[in-house]
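Enquirer: I would like to see how this sequence folds:
(2 chains)
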2 protein chains.
Amino acid sequence: MNFNAGPATLPLPALERARNELLDFAGSGMSVMEHSHRGKEYEAVHDEALRLLRDLLAVPKDHEILFLQGGASMQFAEVPMNFLGSGGSADYVVTGAWGEKAHEEAAAWAAMTGARVRIAASTKESKYTRVATPAEADLDGKAAYVHWTSNETIHGVQYADVPRFGSAPQVCDMSSDFLWRKIDVAPFSMIYGGAQKNIGPSGVTVVIARREFIDRGRRDLPSILQYRAHAEAKSLLNTPPTFGIYLVRNVLEWIRDLGGLDVIERRNREKAAALYAAIDADAGFYRAPVERGSRSVMNVVFRLPNEALEKQFLGESKKQGMVGLKGHRSVGGIRVSLYNAVELEWVEELARFMKDFAKRNG
Amino acid sequence: MNFNAGPATLPLPALERARNELLDFAGSGMSVMEHSHRGKEYEAVHDEALRLLRDLLAVPKDHEILFLQGGASMQFAEVPMNFLGSGGSADYVVTGAWGEKAHEEAAAWAAMTGARVRIAASTKESKYTRVATPAEADLDGKAAYVHWTSNETIHGVQYADVPRFGSAPQVCDMSSDFLWRKIDVAPFSMIYGGAQKNIGPSGVTVVIARREFIDRGRRDLPSILQYRAHAEAKSLLNTPPTFGIYLVRNVLEWIRDLGGLDVIERRNREKAAALYAAIDADAGFYRAPVERGSRSVMNVVFRLPNEALEKQFLGESKKQGMVGLKGHRSVGGIRVSLYNAVELEWVEELARFMKDFAKRNG
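Expert: Next comes the predicted model:
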């Protein structure tokens, strides 16, 4: 029972397929990772991954899907490098540690290039226990883009509905919020996320961006940093992480075979409901710091009465076969990540354990 | 018989180990790619990969080893971004397509920042059929660094002995030249390369750099682009490509178990000798464009009398189970990559095929 925050648990069928064909892919006598990225065997995988993602999320025709490297952290830098030129300004909505980091990286680039980065809204004063609404944001209508984080993995804060922050291009870090439900991609100029939460292993970054937005990016950057160059090369500008993309393909196939994102969303909501119910049932013992309307379906955080009990909770749950429950070192407490491949049965077992633990120690 | 130029063939024991423990790593009941990059199970792999690399190559204590993402292409940009400030200048020695590309990316950055990039030497006039010697290079003693490419994968041109270009810090792209023999790392300020040639799958970049050189890098870049930040975080600044690094560990283990780099080098020299002997034995039919002193041990390129015969050669060799022999689309002809995991028997079979093919078609 793996509740890791990322890299995270992957669907067994996706891993089994990888194991079964690890030494012999498509009857070639070679591993998929030994194939040329320009060969037809790998190309078929690459194209299928792109196609499955486009189908599952109903990505509009005027949006490109890119497979890049470097994780969301590299996107924190590449977004301002592409879209924040001298004299320009960008807005950041900060609702947790990752939004802070994205803002910091953009601010570094802005300082280098004579641009400006504004914090349009921040919920730091609440210790990141809620999302920020568009109504409370001080938005710059002329911003090159507005950047926000739809789910904060560390603080367990998530937008229940997809907001829109003003009229500037919307750029969203969806790393831990990607592909667990249907969303309307059309309003976004860019969505990005590391694969290692819901759709694959670490080492693959997914970017979905409107072609017209990509075209606005500066043209004098080294080409490897330009989204334009990756889009033109169909994510084969340089050697892609072929095995990682192959695994993403396997995971996407699993989602499709399960019935698509509607089924996945229902599963995820059931898991989150079961877990929050367990927390709320022993509300005197377990404390969920996040406001109800901002509770994350992906990363559930809670505290126990004291750190000694938290330590005991982690130790006992581990003995029962549950791993990945320790909160991020920056905030402590307990964190349960409920990504797509986490099974409802695991959550139910965790809920039973929580009930028993509270009874014994409450 | 996989002669791919990268991603390339990997040692069977490294792949078998990956297959055998794909669903259950170290008795954890989870795949290594499902483990947290901050957990002790993955950390042991990460540390072992770093330690094996340091041991095999005798990397000096004052050099850091980093595992990054984005391939050599990302390094083409990151090197000038870190070390080429306003008013500064860097020298590039260009002996093939990859050196050209590295220079282009650095020139883009230099134009953005008011720095300068010089071509200290180029063998373009020879159509990249030889390396450039330090004696013929027009070096700037005050250069921030001098960048060269020790093996040009596309043109099959390699430095037989490790040169030194003047007194500026030496930065070397060794992507297709890395870890097939012992070299003295001490004179280098930086060595980098994609893993997908000699040491692993695509998606992992290895950087070896002197700590003092890393410290010279600019401090105002977004942190993800600073070598300093990765070095301080022991290559765990953000989520690394954990499965890729795990495979690198498996490959390094294979090299160690085989007897280390001396054994690997002997194997590689035998393979190259056998192949060049086959070319030279039918010198009227096969033509190796590269000057003898610059012939690559890793990527052997040659031509046949005409393109129709080259096409026939590729078709017939493929039927005999040999793949990856097509030259890069930019230059045509035949290319045979002889990376560490290529077996001598495959090369001997190719040599027999070549002899027979020349006899039938010469």
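Enquirer: drop to CA atoms for contacts and neighbour counts, all remaining ones
Expert: Noted.
Enquirer: Could you point out the longest helix of chain A?
Expert: Secondary structure of chain A per DSSP state H: the longest helix is helix A:261-281.
Enquirer: close to chain B, is stretch A:194-214?
Expert: Yes - judged by Cα under 8 Å from any Cα of the partner chain, stretch A:194-214 comes into contact with chain B through A:201-203.
Enquirer: Narrow those to just the buried residues.
Expert: The neighbour count (16 or more other Cα atoms under 10 Å in any protein chain shown) marks A:201-203 as buried among the residues of stretch A:194-214 next to chain B.
Enquirer: pLDDT and secondary structure for those - can I get that in a markdown table?
Expert: Formatted as a markdown table, these follow (pLDDT from 0 to 100; DSSP: H, G, I helix; E, B strand; the rest coil):
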| residue | pLDDT | secondary structure |
| --- | --- | --- |
| A:P201 | 97 | coil |
| A:S202 | 97 | coil |
| A:G203 | 98 | coil |
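Enquirer: residues touching the most centrally placed residue in chain A, list them.
Expert: Central residue of chain A (Cα atoms, centre = their mean): A:S175, 1.6 Å from the mean position. Residues in contact with A:S175 (Cα atoms under 8 Å, 6 or more residues apart in numbering or on different chains) are A:72, A:151, A:192-195, A:197.
Enquirer: Out of the residues you listed, which sit inside helices?
Expert: Among the contacts of A:S175, the ones falling in helices (DSSP H) are A:A72.
Enquirer: With neighbour count and pLDDT added, can I get the contacts of A:S175 in TSV?
Expert: Converted to TSV, the contacts of A:S175 look like this (neighbours: other Cα atoms under 10 Å in any protein chain shown; pLDDT from 0 to 100):
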residue	neighbour count	pLDDT
A:A72	25	98
A:N151	30	98
A:Y192	27	98
A:G193	25	97
A:G194	32	95
A:A195	28	95
A:K197	30	96
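Enquirer: Give me the number of neighbouring residues for A:E307.
Expert: The number of residues packed near A:E307 is 12, by other Cα atoms under 10 Å in any protein chain shown.
Enquirer: ok, and for stretch A:288-298, which residues are buried?
Expert: Buried residues in stretch A:288-298 (16+ other Cα under 10 Å): A:288-290, A:294-298.
Enquirer: Three-state assignment for the residue nearest to the centre of chain A, please.
Expert: coil (DSSP: H, G, I helix; E, B strand; the rest coil).
Enquirer: From the contact counts, what lies against the host helix or strand of A:R256?
Expert: Here A:R256 sits within helix A:242-258, counting by DSSP states H and E. Secondary-structure packing of helix A:242-258 (3 or more Cα pairs under 8 Å, 6 or more residues apart in numbering or on different chains; DSSP states H and E): helix A:12-20, helix A:40-57, helix A:261-281.
Enquirer: Who's the closest spatial neighbour of A:T9, skipping the chain neighbours?
Expert: B:E34 (5.0 Å; Cα to Cα, 6 or more residues apart in numbering or on different chains).
Enquirer: What sits closest to A:D262 if chain neighbours are left out?
Expert: Nearest to A:D262 is A:R181, by Cα to Cα, 6+ apart, at 6.6 Å.
Enquirer: burial measure for the one you found, as a count.
Expert: Neighbour tally, A:R181, other Cα under 10 Å: 19.
Enquirer: Same question for A:L15.
Expert: Applying other Cα under 10 Å, we find 18 other residues in the vicinity of A:L15.
Enquirer: and the closest residue to it other than its chain neighbours, helix, strand or coil?
Expert: Among residues not flanking A:L15 along the chain, B:L23 sits closest, at 6.9 Å (Cα to Cα, 6+ apart). Look at B:L23: counting by three-state DSSP, its state is coil.
Enquirer: OK, contacts around B:L23?
Expert: Applying Cα under 8 Å, 6+ apart, the residues contacting B:L23 are A:15-16, A:19, B:29-32.
Enquirer: If we use 10 Å, what do you get?
Expert: By Cα atoms under 10 Å, 6 or more residues apart in numbering or on different chains, the contact list for B:L23 reads A:12, A:15-16, A:18-19, B:29-34.
Enquirer: With A:L247 instead?
Expert: By Cα under 10 Å, 6+ apart, the residues touching A:L247 are A:10, A:14-15, A:17-18, A:45, A:49, A:195, A:199-201, A:204, A:253.
Enquirer: ok so, going back, from the residues of stretch A:194-214 next to chain B, which is closest to B:R267?
Expert: Distances from B:R267 to these, taken as Cα to Cα, are shortest for A:G203 (32.0 Å).
Enquirer: hang on, isn't that closest one packed against A:I245?
Expert: Yes - assessed by Cα atoms under 10 Å, A:G203 is found in contact with A:I245 at 8.9 Å.
Enquirer: Can you work out which residues contact both of those two?
Expert: If you check A:G203 and A:I245 against Cα under 10 Å, 6+ apart, the residues they both contact are A:67-68, A:195.
Enquirer: Pipe the helices and strands packed on helix A:242-258 into a markdown table and attach mean pLDDT per row.
Expert: As requested, these are exported to a markdown table (pLDDT from 0 to 100):
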| stretch | mean pLDDT |
| --- | --- |
| helix A:12-20 | 98 |
| helix A:40-57 | 97 |
| helix A:261-281 | 98 |
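Enquirer: what does the stretch 101-250 of chain A put close to chain B?
Expert: Contacts of the stretch 101-250 of chain A with chain B, taken as Cα under 10 Å from any Cα of the partner chain, map to A:101-102, A:104-113, A:194, A:196-197, A:200-204, A:219-225, A:237-244.
Enquirer: same thing but at 6 Å, please
Expert: Within the stretch 101-250 of chain A, the positions near chain B by Cα under 6 Å from any Cα of the partner chain are A:105, A:108, A:201-203, A:222, A:241.
Enquirer: closest to B:H63 among these?
Expert: Once Cα to Cα is applied, the member of those that ends up nearest B:H63 is A:G203, at 24.9 Å.
Enquirer: from memory the closest one sits against B:P241, does it?
Expert: Yes - checked against Cα atoms under 6 Å, the pair A:G203 and B:P241 is within contact range at 4.2 Å.
Enquirer: Could you dump the buried residues of stretch A:288-298 into JSON lines with distance to A:L344, secondary structure and pLDDT added?
Expert: Shown next, in JSON lines, are those (distance: Cα to Cα, whole Å; DSSP: H, G, I helix; E, B strand; the rest coil; pLDDT from 0 to 100):
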{"residue": "A:A288", "distance to A:L344": "20", "secondary structure": "coil", "pLDDT": "96"}
{"residue": "A:P289", "distance to A:L344": "23", "secondary structure": "coil", "pLDDT": "96"}
{"residue": "A:V290", "distance to A:L344": "22", "secondary structure": "coil", "pLDDT": "98"}
{"residue": "A:S294", "distance to A:L344": "22", "secondary structure": "helix", "pLDDT": "98"}
{"residue": "A:R295", "distance to A:L344": "18", "secondary structure": "strand", "pLDDT": "98"}
{"residue": "A:S296", "distance to A:L344": "16", "secondary structure": "coil", "pLDDT": "98"}
{"residue": "A:V297", "distance to A:L344": "13", "secondary structure": "coil", "pLDDT": "98"}
{"residue": "A:M298", "distance to A:L344": "13", "secondary structure": "coil", "pLDDT": "97"}
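Enquirer: Just flag the most distant two among the residues you listed.
Expert: Farthest pair in the buried residues of stretch A:288-298, by Cα to Cα: A:P289 and A:M298, 15.3 Å.
Enquirer: And the contacts of B:L23, which of them are buried?
Expert: A:15, A:18-19, B:30-34.
Enquirer: which one of those sits closest to A:A77?
Expert: B:M33 (25.5 Å).
Enquirer: For A:V131, give its distance to A:E152.
Expert: Distance of A:V131 to A:E152, computed by Cα to Cα, to the nearest Å: 9 Å.
Enquirer: Tell me which stretches of chain A form helices.
Expert: A:12-20, A:40-57, A:71-83, A:97-113, A:211-216, A:227-232, A:242-258, A:261-281, A:307-319, A:344-361.
Enquirer: list the buried ones in the fifth one?
Expert: Residues of helix A:211-216 classed as buried: A:211, A:213-215 (neighbour count, 16+ other Cα under 10 Å).
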